[in-house]
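A.B. asks: heads up, no residue letters with this:
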């Protein structure tokens, strides 16, 4: 038997039970524990740097300040003239676990990039309907305790991936913490809410909004870091140009309210 015939026979045996390319892609994309970028995440608390795009507006600066209050163990960095490669090198040298950049268009915050270090992934979200803390009536004081997290309706494989990216931005809270950060998926829009709770005179629990609040929509996940964004492999990307793009739900097939 020739080498060519032997190779053909080997391939036929190996893929004989696979009738679709989709099966091969699913197999290829399976993430083992060894490949999991977050496998050591719970060993130490996250260390996060938050910055903005260059020449930020007053509103973007304010939103970045409020975003820092959401994430314990985070610090805000003035972008200045630093390029992304320099920022990534500095973050890695200082054991930063996640790098977040907030973007804007015409003075309105409209983009959020979350990059896990040292090797990725990098997730890009659009954001809209931003409501700052000072625009929320009866706002509560910002507590320093670590928040509990609530994720609603993230049931698909992609939904679980997004949950992993978001939840590892937060350290593990104490059981008695009254602070709550919620991510609610509704038609692939992620509603972000931030509350604490207290007990009123009647002994009933009352939610107190802390703010800010906004909507997020996932656009792409890439396997590398933000400075490699243009060349990194695409793990998932939203396709807006297919006939079923508007109807298809990616983070979960179930409605939020049943």
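C.D. replies: Happy to help now that I have it. Please read all numbers here as calculations on a predicted model, not as lab measurements.
A.B. asks: quick one, helices of the stretch 151-258 of the chain?
C.D. replies: Assigned helices in the stretch 151-258 of the chain, in chain order: 157-167 (criterion: DSSP state H, counting those that start in this stretch).
A.B. asks: and the strands in it?
C.D. replies: In the stretch 151-258 of the chain, the strands defined using DSSP state E, counting those that start in this stretch lie at 179-186, 189-199, 205-209, 213-222, 234-237.
A.B. asks: comparing the ones you listed by mean pLDDT, which bottoms out?
C.D. replies: Within the strands of the stretch 151-258 of the chain, the stretch with the lowest mean pLDDT is strand 205-209, showing a mean of 91.
A.B. asks: residue 75 and residue 48 touch, don't they?
C.D. replies: Yes. Between residue 75 and residue 48 there is a contact under CB atoms under 8 Å: 7.4 Å. Quick note: C-beta positions are derived from backbone N, CA and C, even for glycine.
A.B. asks: which of these two has more neighbours?
C.D. replies: Comparing residue 75 with residue 48 by other CB atoms under 10 Å, the one with more neighbours is residue 48, at 22 against 12.
A.B. asks: let me know the pLDDT of the more buried one.
C.D. replies: For residue 48, the model assigns a pLDDT of 98.
A.B. asks: so what's it up against?
C.D. replies: 71, 73-75, 96-100, 169 (CB atoms under 8 Å, 6 or more residues apart in numbering).
A.B. asks: one more time with 10 Å
C.D. replies: Residue 48 sits next to 68, 71-76, 91, 96-100, 114, 117, 169-170 when contact means CB atoms under 10 Å, 6 or more residues apart in numbering.
A.B. asks: who's it bridged to?
C.D. replies: Counting by DSSP bridges, residue 48 forms beta bridges with residue 74, residue 98.
A.B. asks: what distance do you get for it to residue 234?
C.D. replies: 24 Å (CB to CB, to the nearest Å).
A.B. asks: okay, and the common contacts of residue 75 and residue 48?
C.D. replies: Contact criterion CB under 10 Å, 6+ apart; residues shared by residue 75 and residue 48: 68, 96.
A.B. asks: re the thing from before, so can I have CSV of the strands of the stretch 151-258 of the chain showing mean neighbour count and distance to residue 161?
C.D. replies: CSV is the format used below for the strands of the stretch 151-258 of the chain (neighbours: other CB atoms under 10 Å; distance: least, CB to CB, whole Å):
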stretch, mean neighbour count, distance to residue 161
strand 179-186, 19, 13
strand 189-199, 17, 13
strand 205-209, 12, 28
strand 213-222, 20, 7
strand 234-237, 14, 8
